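Asks: only geometry, no sequence info:
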Ligand code: NZQ
Ligand code: ZN
């Protein structure tokens, strides 16, 4: 087991009706004025936003609002949010929504605490030295941003999607009522389940040994998500299944399933982020579409690890070699994605990627030839191009 730090400062308030405690939770943070940040309308339509306002009113906390966050959240709205917070002397941001809203809130928080251009952090030109405190009311189980240290923003100038991570942005509290996720379209539920699984799988695929505890947690988490994701495909209002998925979503990305690993692989995420930037696809769906191509490209570097995954997570019967077992596991994973109506190649998402676009994706993903990605196998620009190519379908 490698040395590690495990830091989860987020207070989790989980269960039915917990959104009504939001005002009290914000008051506990000692805030004077809150920015309520939300997306493109689902929280207005469901009435959740009104309940949040009521809860803040009851706690005597003044607020201003900024809606309009879109999936693959945009830098231009982040700039608008920074200006609004500065003008209104906001000292706390409440994100009401999913990963996109939370990530946008984190970026605004970095921007308010800084005097330069917040995009510098996402370009890795500078490190943040602070962030306004963030609270979350979660409406979709997926990105895990409610407990994570990261945020991912898309810059419309060049359509670059970039992530930045620092402990400053870990939310102070996360309100998680699984009932709030019942209104999700089936596609978003499925896409979220894929993302949750991928956050553990990215960490699971490493070259470490002696990982009994972390491997056990990871494997159980993955089996739990698979079982309950299937339930939600036919019974979307099953509270217990929603609850299992929501809790798994947070544990999958708060660092728990990475304790003692070498950090994990993360190549599929890097490959997907470029798809999100260029084609605006749902993040989880994009991950499902590239994972099989990535797995087949790198499996020869760690057949035993893939075989363990195949048996312990996918429940496949072992073949005569690790490689055979590993390949069965990859196929089983793709069959599971299909059961959720998730894509297993780019064509399944109705994306026809031209030769030129595949080169551009690889250019961007390699930061124009300046970086490699992945740890199971280090991938350079040419490898990235091949994986996109094999993912075309
Ligand atoms: O904007 P509204 O109207 O709310 O609609 C959203 C959006 O269209 C809708 N939705 C959310 N909750 C709903 C709902 N519709 C009905 N009922 C509800 N209860 O769902 C759509 C997707 O929302 P979004 O926030 O984009 O989803 P998700 O949580 O999957 O976030 C995706 C973003 O997170 C980033 C992704 O790259 C992507 O940009 N990620 C962030 C991470 C992090 N910060 O730690 C890690 C992840 O790997 C990921 O990269
Ligand atoms: Zn993700």
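Replies: Everything's here; your move. For clarity, every value in this text was computed on a predicted model and none was experimentally measured. Ligands and ions are numbered 1, 2, ... in the order given.
Asks: where exactly do the helices run in the stretch 151-300 of the chain?
Replies: Secondary structure of the stretch 151-300 of the chain (DSSP state H, counting those that start in this stretch): helices at 186-204, 212-234, 239-253, 267-279, 283-298.
Asks: and the third one, what's buried?
Replies: Neighbour counts using 16 or more other Cβ atoms under 10 Å place 241-253 of helix 239-253 among the buried residues. (C-beta placed from N, C-alpha, C; glycine too.)
Asks: over to the first one?
Replies: By 16+ other Cβ under 10 Å, the buried positions in helix 186-204 come out as 188-204.
Asks: can you pull the pLDDT of residue 208?
Replies: pLDDT recorded at residue 208 is 89.
Asks: surely it touches residue 1?
Replies: Yes. In this structure residue 208 lies within contact range of residue 1 using Cβ atoms under 8 Å: 7.2 Å.
Asks: what touches both of the two?
Replies: residue 260 (Cβ atoms under 8 Å, 6 or more residues apart in numbering).
Asks: what about these two, which has more around it?
Replies: residue 208 (17 against 13; other Cβ atoms under 10 Å).
Asks: how much space between that one and ligand 1?
Replies: From residue 208 across to ligand 1, the span is 21 Å (Cβ to the nearest ligand atom, to the nearest Å).
Asks: now do the phi/psi pair for that residue.
Replies: The phi/psi pair for residue 208 (degrees, to the nearest 10) reads phi -80, psi 160.
Asks: okay, and the residue lying closest to residue 57 once chain neighbours are set aside sits in which element?
Replies: Sequence neighbours aside, residue 23 is the residue nearest to residue 57 in space, at 7.2 Å (criterion: Cβ to Cβ, 6 or more residues apart in numbering). If you go by DSSP states H and E, residue 23 is part of helix 22-28.
Asks: counting by contacts, list what that helix packs against.
Replies: helix 48-58, strand 92-97, strand 134-138, strand 173-176 (3 or more Cβ pairs under 8 Å, 6 or more residues apart in numbering; DSSP states H and E).
Asks: and this protein, which residues reach ligand 1?
Replies: Contacts of the chain with ligand 1, taken as Cβ under 6 Å from any ligand atom, map to 39-43, 71-72, 97-101, 103, 139-140, 142-145, 148, 150-152, 180-181, 183-184, 188, 192, 195, 253, 269, 276, 283.
Asks: the residues you listed, buried ones only, as a ChimeraX selection?
Replies: Remark: buried members of these, expressed as a ChimeraX selection using 16+ other Cβ under 10 Å:
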select :39,42,43,71,72,97,98,99,100,101,103,139,140,142,143,144,145,148,150,151,152,180,181,183,184,188,192,195,253,269,276,283
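Asks: now the helices of the stretch 151-300 of the chain in CSV, with mean pLDDT?
Replies: Compiled in CSV, these are given as follows (pLDDT from 0 to 100):
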stretch, mean pLDDT
helix 186-204, 98
helix 212-234, 98
helix 239-253, 98
helix 267-279, 95
helix 283-298, 98
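Asks: closest one to residue 129 among the ones you listed?
Replies: Across those, residue 129 has its closest neighbour in helix 239-253 (23.8 Å, Cβ to Cβ).
Asks: now do that closest one: distance to the chain's middle.
Replies: Between the centre of helix 239-253 and the centre of its chain there are 13 Å (Cα atoms, centre = their mean, to the nearest Å).
Asks: so residue 131 sits against residue 171, correct?
Replies: No. Using Cβ under 8 Å as the test, residue 131 is too far from residue 171 to be in contact (10.2 Å).
Asks: ok, now which ones touch the residue in the stretch 201-350 of the chain positioned nearest to ligand 1?
Replies: Of all residues in the stretch 201-350 of the chain, residue 283 sits closest to ligand 1, at 3.8 Å by Cβ to the nearest ligand atom. Neighbouring residues of residue 283 by Cβ under 8 Å, 6+ apart: 71-72, 99, 142-143, 191, 195, 272, 276.
Asks: can you check residue 271 too?
Replies: Residue 271 is in contact with 290, 294, 361, 365, 373, 384, 387-388, counting by Cβ under 8 Å, 6+ apart.
Asks: same thing but at 7 Å, please
Replies: Applying Cβ atoms under 7 Å, 6 or more residues apart in numbering to residue 271 gives the contacts 290, 294, 365, 384, 387.
Asks: neighbour count and distance to residue 31 added to those residues, as TSV?
Replies: Shown next, in TSV, are the contacts of residue 271 (neighbours: other Cβ atoms under 10 Å; distance: Cβ to Cβ, whole Å):
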residue	neighbour count	distance to residue 31
290	25	40
294	28	42
365	25	39
384	27	43
387	26	45
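Asks: return the closest of the contacts of residue 283 with respect to residue 93.
Replies: residue 99 (14.9 Å).
Asks: buried ones in the host helix or strand of residue 120, by neighbour count?
Replies: Assigned by DSSP H and E, residue 120 falls within helix 119-122. The neighbour-count check on helix 119-122 (16+ other Cβ under 10 Å) flags 119, 121-122 as buried.
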